[in-house]
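Asks: need a structure here:
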Amino acid sequence: MYPTVAEVLALPVLRQGHPHVVAGAAGLDAAVRWAHVGEVADIAHLLRGGELVLTTGVALPDDGAALAAYIGDLAGVGAAGLVIELVRHWSEKLPPALVEAADRHDLPLVTLSRETRYVAVTEAVNGMIVDAQVAELRAAERVHETFTALTVAGAEPRVVLGEVARITGQPVVLETLDHEVLAYDAAGTDPGELLTGWPARSRAIQVGERTGYHAGAGWLVTVVGARGHDWARLVVVCAEAPPHRHRVVAERAASALAVHRLVAKDSDGLERQAHRAVLTELLCSPTPSAELLARASALAVPLTGRRLVGLAIRPRIPATARAALSTPPVLRELAEAAALSARRAKVAVLVGTDDVAVRALIALSPEANAEAVVRRLATDVHEARSSAPAVIAAGTTVSAPADARRTLVEAAHVAAAALREGREDDEDTARPVHRLADVRLRGLLHLLAGDERVTAFAARELGPLLQRDAAAGSRLVQALRHYCAHGGNKSAAAAAAHTSRTAYYQQLARIEQVLGVRLEDPESMLSLHVALLAHDITRDVTQPSDEDSPGRGTQ
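Replies: Numbering: from 1, shown residues only. Presented below is the predicted three-dimensional model:
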């Protein structure tokens, strides 16, 4: 907001006096709060700091000790500098004691070799300062209006950080108090360079106040949250000491972020959102970029040089509880249980939610026992007693970030297959983690769910039966499911279908007639069972619905 001594010396009104810096050049960056003419030797007690003192020197003594004391007094009150006209008292050069004292205190000492109208100097300097103050006030008003609008609108953190980066022109990072990056805006710089090694770098930076500048790191840091309930830090990365307006921007942004957290308390937290964004990009990127790896590392989950295991957690909501429970809150509850378990075990893990499941990617050291870690996390989630029991599946352990997608996708397929097996809650607990080998044929078909040949096979085997049910309102497909699920035991299938044996046998005969097969033929039953599984899995992948919720019996 205030001009520096160097900027003031560049004004035309001073340039006409041929200014020459004879001492204290290290202080030329000092801010000038006011220009003040003073022709008395004991002027220091009249100053408040930041003044550029202008004098002809007529009232200054020639005694070296007195001159040194004069300079010491000016430096003591924080004067920005001293300008002396070499016309009336000293005509060629200043006394050595004056120069040496100014150098010792880093107080800029400037001589003017020509007579200068100090009234014009004060008008120019003070006008410059007032103009800067007015511009600063207008900028502050614009900042106030911008962040008030963002606060009222409940703007997302990425929008708030985008405004901070736009106004300051500097990169900005929102981190947890544990120094994990929740969101950032690189302001056009390299995100990888911004985020690399972030947690370790951030832990070393403490400013000791709610908003402060750490000159060594070049960070403007402000705490986010109400006093006693702080939850994050906002960091504006600026190599030079920021102007006051940047502090205002950081503090207003922190307020907007705190309000957003209160308003959005029923949605995923910022940490879950940050984790979900990285997981989503890992699923969409065959080869993770350097920026993505840096973002994961900034969340305290390094992926390079680690063993990676994908997890999928799906709630098993009984049909009787579906009206009382909605999926998003249950998923958030399971996600927090998984994250809490990982923190207790001191395991690095990304945890996020999608529409139907919690996804997680565990990053372990090469020496860690992956099986033991996965089992411990799964057991903790099962014991968390959430609103609904859960099916937990794990993918194959991989050792490269490029394979993270494979283990995540595999875990999702296994969880979906295990979910449809219709196990009771105690059986889920007895087998805390499902693997591909546990879901057997159903797992294989889940992995092949996107294959057009599997879809065509199911349509070819079941097409006439599906059409018959649709046209006549019959339930022949459901009768076939019971028959296959009970291995061709007609009596058991009829009981499961809650149908008399006579009526059920008639349904089986109708199925044979429509499909033109003999159900007692083992190959026919096997083919139809596989077709039913493939049909259901394909439908679930393309048209997820409540029927995919846990609680459905074996098909």
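Asks: Domains in the chain, by residue range?
Replies: Domain assignment for the chain, taken from automatic domain parsing, gives 5-126, 154-263, 270-447, 452-548.
Asks: Make a markdown table out of those and add mean neighbour count.
Replies: In short, each C-beta sits where N, CA and C put it, glycine included. Listed next are the domains of the chain as a markdown table, based on neighbours: other C-beta atoms under 10 Å:
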| stretch | mean neighbour count |
| --- | --- |
| domain 5-126 | 18 |
| domain 154-263 | 18 |
| domain 270-447 | 19 |
| domain 452-548 | 16 |
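Asks: Just put those in TSV and tack on mean pLDDT and distance to His144.
Replies: Shown next, in TSV, are the domains of the chain (pLDDT from 0 to 100; distance: least, C-beta to C-beta, whole Å):
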stretch	mean pLDDT	distance to His144
domain 5-126	91	24
domain 154-263	90	7
domain 270-447	84	24
domain 452-548	83	46
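Asks: Is it possible to get a markdown table of those domains that adds distance to Phe147?
Replies: Output for the domains of the chain, formatted as a markdown table (distance: least, C-beta to C-beta, whole Å):
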| stretch | distance to Phe147 |
| --- | --- |
| domain 5-126 | 26 |
| domain 154-263 | 4 |
| domain 270-447 | 18 |
| domain 452-548 | 40 |
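Asks: Ok, which of these comes nearest Thr148?
Replies: Ranking these by proximity to Thr148 (C-beta to C-beta) places domain 154-263 first, at 8.2 Å.
Asks: and the end-to-end length of the closest one?
Replies: With C-alpha to C-alpha, to the nearest Å as the measure, the ends of domain 154-263 fall 7 Å from one another.
Asks: Might you calculate how far that domain sits from the centre of the chain?
Replies: Domain 154-263 sits 12 Å away from the centroid of its parent chain (C-alpha atoms, centre = their mean, to the nearest Å).
Asks: Then stretch 86-97?
Replies: Worked out by C-alpha atoms, centre = their mean, stretch 86-97 lies 62 Å from the chain centre.
Asks: Let me see the contact set for Gln273.
Replies: Contacts for Gln273 (C-beta atoms under 8 Å, 6 or more residues apart in numbering) come out as 182-183, 352.
Asks: need these in a markdown table with secondary structure and distance to Ala393, can you?
Replies: Below are these laid out as a markdown table (DSSP: H, G, I helix; E, B strand; the rest coil; distance: C-beta to C-beta, whole Å):
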| residue | secondary structure | distance to Ala393 |
| --- | --- | --- |
| Leu182 | strand | 28 |
| Ala183 | strand | 30 |
| Gly352 | strand | 16 |
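Asks: Of those, which is the nearest to Leu112?
Replies: Of these, the one sitting nearest to Leu112 (C-beta to C-beta) turns out to be Ala183, at 53.0 Å.
Asks: any idea how far that closest one is from Ala274?
Replies: Counting by C-beta to C-beta, to the nearest Å, the separation of Ala183 from Ala274 is 6 Å.
Asks: which one's the longest helix in the protein?
Replies: Criterion DSSP state H: the longest helix present in the chain is helix 118-153.
Asks: that older thread, what about the domains of the chain, which gets the closest to Ala140?
Replies: domain 154-263 (5.7 Å).
Asks: measure the residue nearest to the spatial centre of the chain to Arg272 for me?
Replies: With distances taken as C-alpha atoms, centre = their mean, the residue of the chain nearest its centroid is Leu182 (2.2 Å). Distance, Leu182 to Arg272, by C-beta to C-beta: 10 Å.
Asks: for the residue nearest to Val236 when sequence neighbours are not counted, phi and psi?
Replies: Spatial nearest neighbour of Val236, chain neighbours left out: Leu220 (4.2 Å); criterion: C-beta to C-beta, 6 or more residues apart in numbering. Phi and psi for Leu220, reported as degrees, to the nearest 10, are phi -100, psi 120.
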